[in-house]
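**Q** I would like to see how this sequence folds:
(one chain, ligands or ions: 1)
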Amino acid sequence: MRQIRIGNGYDVHALREELPMWLGGIRIEHNKGFVAHSDGDVLVHALCDALLGALSLGDIGLHFPDNAQEFKGIDSKILLRKCMELVGERGYRLGNADCTILAQAPKLRPYIDRMRETLAPLLGVTIDDVSVKATTTERLGFTGREEGVAVYATVLLYRE
Ligand code: MG
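**A** Numbers count the residues shown, from 1 in each chain. Below is the predicted model of the structure:
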C-alpha cells in the first residue's frame, strides 16, 4: 500500500534595498532583496519546512540554526537538498509541491517557469510536479507595503 504524508511550510523575510533577491532558487532583478542569515530564499525555506513537516522532523531552524557560521550566506538550495536527503533516507519521494508567493513587487510571472525548472531536479520530479504561484495582497499588510515577502508551500510525499 502506498503511504502518503502531507506537509505545509510558511516563511517570511523582510526586504531591504540594495540586497540581492534570491527566490525559488534563482536570482530576481529587483531594487530590494531579503534580510537573512542565508541567501534569504523564502520560497525554498517554506519548501524545506513543508518537507520536514510531512515527516514530523521539526523545522528548518532546528536543522539549520540561523546563528550557525556554516549556514551564513548559504545557497538555500543546499538546505533543500539536505531536506530531500532526509526524505529519501526514510523511503519517501515527493509526489508534488505547490507554492504560493505573496509579494507586491516585482512582477514574478516572467520568473515562475525558471523557478520550477530549478526546483524540480532538486526535488526529484519533473516540472509538472512543481507548482509556483504568485499573488499580490492588494497593497494590504506587510507584503502589500513591500516590507517583506511571504511564501506558503504544501508538499505530498509517498512511499510505495
Ligand atoms: Mg527563512
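
**Q** C-alpha from now on. contacts and neighbour counts both.
**A** Will do.

**Q** so where's this structure uncertain?
**A** The chain contains residues with pLDDT under 70 at 1.

**Q** Okay, now the sheet partners of the helix or strand in which residue 97 is found, with direction.
**A** Per DSSP states H and E, residue 97 falls inside strand 93-102. Strand 93-102 pairs in its sheet with strand 130-135 (parallel), strand 148-159 (antiparallel), by DSSP bridges.

**Q** Of these, flag the one that's most buried.
**A** With neighbours taken as mean count of other CA atoms under 10 Å, those reach their highest mean count in strand 148-159, at a mean of 21.

**Q** chain center to it: distance?
**A** 7 Å (CA atoms, centre = their mean, to the nearest Å).

**Q** Show me what the strand ranked longest in the chain is packed up against.
**A** For the chain, the longest strand by residue count, based on DSSP state E, is strand 3-17. Counting contacts by 3 or more CA pairs under 8 Å, 6 or more residues apart in numbering; DSSP states H and E, strand 3-17 packs against strand 32-34, helix 42-54, strand 148-159.

**Q** and the next element down the chain from the second one?
**A** Toward the C-terminus, helix 42-54 is succeeded by helix 60-63 as the next helix or strand (DSSP H and E).

**Q** what's in contact with that next one?
**A** Identification of contacts with helix 60-63 by CA atoms under 8 Å, 6 or more residues apart in numbering yields 45, 48, 49, 52.
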